[in-house]
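> here is a sequence with its predicted model. Questions after.
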Amino acid sequence: MFLLTGLPGNAQLVKKPFIIEPKIHTGMILPFYEALDYLIRDDIYAFDLSLSFPAYGKDFWEKLYRYPRPGIGFSYWSLGNEEVFGKAYALYSFINIPLYKRAEKFSFNYQVSFGGAYLSRKFDVYENHLNRAIGSHTNVYIRLGIDCKIRLFPRSDLLIEAGTTHFSNGKTRSPNYGINIGSFSLGFNYLFSNTGITFPEPEIPEIGKRYIQSVIYSAGSKVYDNLVGTRYFISSVSYNLEYLINHKRRIGLGADLSYDGSISEALASDDGTPDKDFTSLVRVGLHASYSIRYKQFIMGIQVGHYLYSKYTVLTPVYNRISVQYLFTNNVVGRISIKSHMGKADCLEFGIGYCW
């Protein structure tokens with residue numbers, strides 16, 4: 001009522017159009033791990049409040065993505081068992097991109113959200129030993145959703161959404177099964193604007209180069225799968241050759257050389273002596289990649305297979321989800337989560353060169 005009756009009266013104060021959108025969520029923790037299933041007592045519920053800024057075609061990227069809505073948001077989540085898992089508070093950025101739009105009546109959209117979260121309860125060997133999902137208060141927040149927006153009033157929409165949410169610390173602490181949630185959402189938004197909205201038609205340039213190469217060095221730290229808490233240095237060098245399908249999408253092939261200090265503990269001898277031989281701590285793999293670009297941001301996924309790894313307990317298949325930012329045409333930064341068949345292995349921070 002405050003949004004509908006209070007702020008619209010001051011619309012002349014709005015210099016740049018923006019949208020406020022509250023949402024409520026309900027769902028369940030997805031049954032990926034038997035070690036967590038028996039702890040779930042309640043359904044999940046959540047509240048979400050976001051602020052976004054509609055794109056109106058000031059550059060060709062906005063036209064290519066059918067005029068998306070980037071923004072920021074805050075979420076509050078219950079986690080099915082307050083005593084063990086506590087509650088989650090997330091602050092994130094997102095982009096909501098139309099898949100199909102029919103005039104102003106309704107649209108189908110997908111949304112990618114990425115940020116940080118604080119979980120009120122974590123594993124503690126004395127006070128909360130049942131929580132094998134999360135070993136730290138600070139975590140990464142990722143949400144993927146698809147929604148339908150139905151126009152109710154000239155400046156407001158009803159929102160119906162389905163999505164998945166993931167909380168994880170990227171194995172910077174142990175344990176780290178992570179928490180995965182499937183949910184349905186209902187929301188309402190309102191556009192604040194004091195000007196008529198026009199959609200210019202910027203010219204879409206030709207693609208200059210079809211092939212892009214890049215080399216990225218990444219580093220971070222992780223723990224081994226026990227409760228000792230010793231932190232190990234990890235790093236990798238990745239080469240990728242990508243083919244630009246169009247301005248938005250690209251596919252590629254590449255190679256990875258990685259170093260993982262925690263393997264020394266995994267390959268320890270019977271008397272507990274770590275294996276510190278360098279050749280035991282490195283792994284070599286090949287990967288295929290798919291990514292999408294929006295302005296200076298590139299979001300991608302890689303699926304790889306180890307050609308050499310002395311540590312063979314884990315699956316030989318690895319995955320990497322990443323967000324990259326192009327500082328210049330040649331310099332790129334990257335944040336990525338590497339995993340093995342859905343189980344987070346490490347959180348990486350990288351810098352690279354592309355040409």
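Great, that's in hand.

> report all helices and strands that the one helix or strand Leu99 maps to contacts.
Per DSSP states H and E: Leu99 is located in strand 87-102. Strand 87-102 is packed against strand 44-52, strand 69-78, strand 106-119, strand 138-153, with contacts defined by 3 or more CB pairs under 8 Å, 6 or more residues apart in numbering; DSSP states H and E. To be clear about C-beta, it is placed using only N, CA and C from the backbone, and glycine gets the same treatment.

> at 6 Å instead, please
Contacts defined by 3 or more CB pairs under 6 Å, 6 or more residues apart in numbering; DSSP states H and E place strand 87-102 against strand 69-78, strand 106-119.

> dump those strands into TSV; add distance to Gln213 and mean neighbour count as well.
Listed next are these as TSV, based on distance: least, CB to CB, whole Å; neighbours: other CB atoms under 10 Å:
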stretch	distance to Gln213	mean neighbour count
strand 69-78	29	19
strand 106-119	26	18
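
> return the residue of the protein that is most distant from the centre.
Asp271 (40.6 Å; CA atoms, centre = their mean).

> how about that one, phi and psi?
phi -90, psi 10 (degrees, to the nearest 10).

> any stretches of the chain with poor pLDDT?
Low-confidence segments of the chain (pLDDT under 70): 1-15, 194-199, 225-229, 342.

> any chance of the helices and strands packed on strand 87-102 in a markdown table with distance to Ile19 as columns?
As requested, those are exported to a markdown table (distance: least, CB to CB, whole Å):
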| stretch | distance to Ile19 |
| --- | --- |
| strand 69-78 | 7 |
| strand 106-119 | 13 |
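
> against Leu99, how distant is the residue lying closest to Arg320 once chain neighbours are set aside?
Spatial nearest neighbour of Arg320, chain neighbours left out: Gln302 (4.3 Å); criterion: CB to CB, 6 or more residues apart in numbering. According to CB to CB, to the nearest Å, Gln302 and Leu99 sit 24 Å apart.

> same check, this time on Phe18
The value you get for Phe18 to Leu99, if CB to CB is used, is 23 Å.

> neighbour count winner among the two?
Under the criterion of other CB atoms under 10 Å, the comparison of Phe18 against Leu99 puts Phe18 first, with 16 against 12.

> how close does the more buried one get to Ser238?
38 Å.

> try Glu348
10 Å.

> same check, this time on Met341
Taking CB to CB, one finds Met341 at 20 Å from Ser238.

> just checking, Ser264 touches Phe278?
No. Ser264 lies out of contact with Phe278 (CB atoms under 6 Å); the separation is 10.0 Å.

> neighbour count winner among these two?
The residue with more neighbours, out of Ser264 and Phe278, is Ser264; 20 against 8, by other CB under 10 Å.

> which SS class is that one?
At Ser264, secondary structure determined by DSSP: H, G, I helix; E, B strand; the rest coil is helix.

> repeat for the one 10 residues further on
For Pro274, the secondary-structure state derived from three-state DSSP is coil.

> all helices for the stretch 151-300 of the chain, in order.
263-266, 278-281 (DSSP state H, counting those that start in this stretch).

> which of these is buried the deepest?
Mean neighbour count, computed with mean count of other CB atoms under 10 Å, is highest for helix 263-266 among the helices of the stretch 151-300 of the chain, reaching a mean of 20.

> got the contact list for that helix?
Applying CB atoms under 6 Å, 6 or more residues apart in numbering, the contact partners of helix 263-266 are 224, 274-276, 281, 311.
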